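S.K.: I would like to see how this sequence folds:
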Amino acid sequence: MRISSFVILGAFSALTSQAADWPQFRGSDGQGIATQSKPPLEWSDTKNVRWKAELPGPGASSPIQHGQRVFVTCYSGYGLDLNSPGELRALKRHLICLDAASGKVLWNRSVAADAAEDEYNDRLSEHGYATQTPACDGERIYAFFGKSGVLAFDLEGKQLWQADAGKGSSGRGWGSATSVVLHKDLVIVNAADESSAILAFDKATGKQRWKTDGGAYLEKVYNTPVLVPVGKDRVDLVLAVQNEVWGINPDTGKLRWYAQVPISSNMAAGVVAKDGVVYAFGGNRGPGTVAVKVGGSGDVTKTHVLWTSTRGTDFPTPVIHDGHLYFANSQGVAYCMSAKDGEIVYQERIEAGRGRKGIYASPVMADGKIYLVTRTAGMAVIAAKPQFEQLAHNVMSTDSASFNATPSIAGDTLLLRSNSAIYCIGQ
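M.R.: Below is the predicted model of the structure:
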């Protein structure tokens, strides 16, 4: 196993202390927007790359950052070649900590896979065994490794606990993809594939605190739940499931409300929220978008569903800005959709590489710009406005690996990872 890092532009001062962290998938609120950041518009192998660190294996999880540390997961030992995957017992997940200023690897902790893990196949090869993004609360890092469980580590890499999330396989060979969500003293995971349930664990001990059984509603549901404020004193955990949107009490796991909606199939895109409304999306075989007002109790279908559309994303989770939803589907077509009524404002093709799934990652936004990473053709940067304008097209020409992970933004830097390396992009 080989891990190395190098600084391309030489030594530079540490990131500013006031720069916002990116502690979990799609940022602190799960919406994919860095409000105070200004990452570069353009970069290449030799321009605006502060450092590059090679990784011991692939992964589709996002890097996260807390203070001066970057954390990322990957896997090794198995499932690296579809024609010759190797022995499942050799599979390991890695949680790696890097110095945010230099890219130096501070520690690397490996976790042996459970024997119940799905065997490598053409479906799993789309994303692999390290797709779930970890989360950090400043005291611990929490990672979800599918059938190998939920784990907690301290900031120095000491494993504190490991909890079982189930050994099932309801997703028909697609594996697991949902990231952890932190709420008060709880670690919450959508364990749809492993146990057809939403699970919450105690942060300090790993003890299961509650379980919400989902049954067939959670079949092929791969999206990460989002915490949405409802008024001053209430927060709902919102999740899109088969033909419904759920609002769950995150303290107890009890279902507060649900809305029946026409979205279904392989549901990978997460919900987004703005001003008391959530937007949920169907999968690649049942695309569509719905807008639902949060809150209420019981069946709110007749009172809270604001509109539905047959158009929408498939895998990437959109961002919402100034009354518009922005996303690009796996075919490499960028969309702007009105959040008011679901009407398509524009659809324009961006360069997305070859193959059926040119884009797997979700967009992120900063400084009025939307960053869309493609699997094999670099990253497109478009303006966050209802008129299509592509501002830049950035390519790492020396990295031939796939870029499946959603980028992260911390301060004025963008963290971009491929199946072989992680890059810190900054002026």
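S.K.: which SS state does the closest residue to residue 202 other than its chain neighbours fall under?
M.R.: Nearest in space to residue 202, with sequence neighbours left out and distances taken as C-beta to C-beta, 6 or more residues apart in numbering, is residue 209 at 5.5 Å. Every C-beta, even on glycine, is put in place using the N, C-alpha and C of the backbone. Assigned with DSSP: H, G, I helix; E, B strand; the rest coil, residue 209 falls in the strand class.
S.K.: give the contact list for residue 82.
M.R.: When contacts are counted by C-beta atoms under 8 Å, 6 or more residues apart in numbering, residue 82 touches 120-122, 125.
S.K.: elements contacting the helix or strand where residue 327 lies?
M.R.: Using DSSP states H and E, residue 327 maps to strand 324-328. Counting contacts by 3 or more C-beta pairs under 8 Å, 6 or more residues apart in numbering; DSSP states H and E, strand 324-328 packs against strand 319-321, strand 333-338.
S.K.: residue 365: which of those strands is closest?
M.R.: Nearest to residue 365, of all the helices and strands packed on strand 324-328, is strand 319-321, at 4.7 Å by C-beta to C-beta.
S.K.: and the closest one, what does it pack against?
M.R.: With contacts taken as 3+ C-beta pairs under 8 Å, 6+ apart, strand 319-321 sits against strand 272-274, strand 324-328, strand 364-366.
S.K.: all helices of this structure, in order?
M.R.: Residue ranges of the helices in the chain, as given by DSSP state H, are 192-195, 301-304.
S.K.: okay, the ones you listed, which one's buried deepest?
M.R.: helix 192-195 (a mean of 25; mean count of other C-beta atoms under 10 Å).
S.K.: contact partners of that one?
M.R.: 146-147, 165-171, 174-176, 178, 211, 214, 218-222.
S.K.: neighbour-wise, which of the contacts of residue 82 leads?
M.R.: residue 120 (22 neighbours; other C-beta atoms under 10 Å).
S.K.: what sits against that one?
M.R.: Neighbours of residue 120 in contact, by C-beta under 8 Å, 6+ apart: 78-79, 82, 85, 88.
S.K.: and those residues, which are buried?
M.R.: 78-79, 85, 88 (16 or more other C-beta atoms under 10 Å).
S.K.: centroid-wise, who is the farthest residue in the chain?
M.R.: In terms of distance from the mean C-alpha position of the chain, residue 302 ranks first, at 31.3 Å (C-alpha atoms, centre = their mean).
S.K.: any chance of the contacts of residue 82 in JSON lines, plus distance to residue 392?
M.R.: Conversion of these to JSON lines gives the following (distance: C-beta to C-beta, whole Å):
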{"residue": "120", "distance to residue 392": "36"}
{"residue": "121", "distance to residue 392": "36"}
{"residue": "122", "distance to residue 392": "33"}
{"residue": "125", "distance to residue 392": "30"}
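S.K.: re earlier: turn the helices and strands packed on strand 324-328 into TSV, columns for mean pLDDT and distance to residue 404.
M.R.: As requested, those are exported to TSV (pLDDT from 0 to 100; distance: least, C-beta to C-beta, whole Å):
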stretch	mean pLDDT	distance to residue 404
strand 319-321	98	18
strand 333-338	96	18
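S.K.: so which of those strands is nearest residue 26?
M.R.: Here strand 319-321 is closest among the helices and strands packed on strand 324-328 (C-beta to C-beta), at 8.5 Å.
S.K.: list of residues touching that closest one?
M.R.: Contact with strand 319-321 is made by 31-33, 272-274, 279, 325-327, 339, 362-365, 370, 384, as judged by C-beta under 8 Å, 6+ apart.
S.K.: again, but for stretch 245-253
M.R.: With contacts defined as C-beta under 8 Å, 6+ apart, stretch 245-253 is touched by 183-184, 186, 188, 198, 200, 209-212, 225, 227-228, 230, 235-240, 254-259, 261, 271, 278, 280, 290, 292, 294-296.
S.K.: how does it look with 6 Å?
M.R.: Outside stretch 245-253, the residues that touch it by C-beta atoms under 6 Å, 6 or more residues apart in numbering are 183, 210, 212, 236-239, 255-259, 261, 280, 292.
S.K.: could you do stretch 405-424 as well?
M.R.: With C-beta under 6 Å, 6+ apart as the test, stretch 405-424 has contacts from 15, 19, 22, 34, 37-39, 49-55, 58, 60, 62-63, 65, 72, 361-362, 364, 366, 371, 373, 399, 401-403, 425-426.
S.K.: ChimeraX command for the buried members of the residues you listed?
M.R.: Buried subset of those, written as a ChimeraX selection, criterion 16+ other C-beta under 10 Å:
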select :15,19,22,34,37,38,39,49,50,51,52,53,55,58,60,62,63,65,72,361,362,364,366,371,373,399,402,403,425,426
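S.K.: among the contacts of stretch 405-424, which are in strands?
M.R.: 34, 49-54, 65, 72, 364, 366, 371, 373, 425 (DSSP state E).
S.K.: got these as TSV, with distance to residue 349 and pLDDT columns?
M.R.: Output for these, formatted as TSV (distance: C-beta to C-beta, whole Å; pLDDT from 0 to 100):
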residue	distance to residue 349	pLDDT
34	26	96
49	28	97
50	32	97
51	33	97
52	30	97
53	33	98
54	33	97
65	32	97
72	31	98
364	20	98
366	24	97
371	17	97
373	16	95
425	24	97
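S.K.: closest one of these to residue 314?
M.R.: Nearest to residue 314 among the ones in strands among the contacts of stretch 405-424, counting by C-beta to C-beta, is residue 373 at 15.8 Å.
S.K.: the closest one contacts residue 363, doesn't it?
M.R.: No. Here residue 373 does not reach residue 363: they are 8.2 Å apart, not a contact under C-beta atoms under 6 Å.
S.K.: relative to residue 156, which of the helices and strands packed on strand 319-321 is closest?
M.R.: That would be, of these and by C-beta to C-beta, strand 364-366, which comes in at 28.8 Å.
S.K.: partners of that closest one, with directions?
M.R.: Here strand 364-366 is paired, per DSSP bridges, with strand 33-34 (parallel), strand 369-373 (antiparallel).
S.K.: how about these in CSV, adding distance to residue 133?
M.R.: Below are these laid out as CSV (distance: least, C-beta to C-beta, whole Å):
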stretch, distance to residue 133
strand 33-34, 15
strand 369-373, 14
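S.K.: closest to residue 99 out of the ones you listed?
M.R.: Among the strands paired with strand 364-366, the nearest to residue 99 by C-beta to C-beta is strand 33-34 (20.7 Å).
S.K.: rewinding a little: pick out the most distant pair among the contacts of residue 120.
M.R.: 82 and 88 (14.2 Å).
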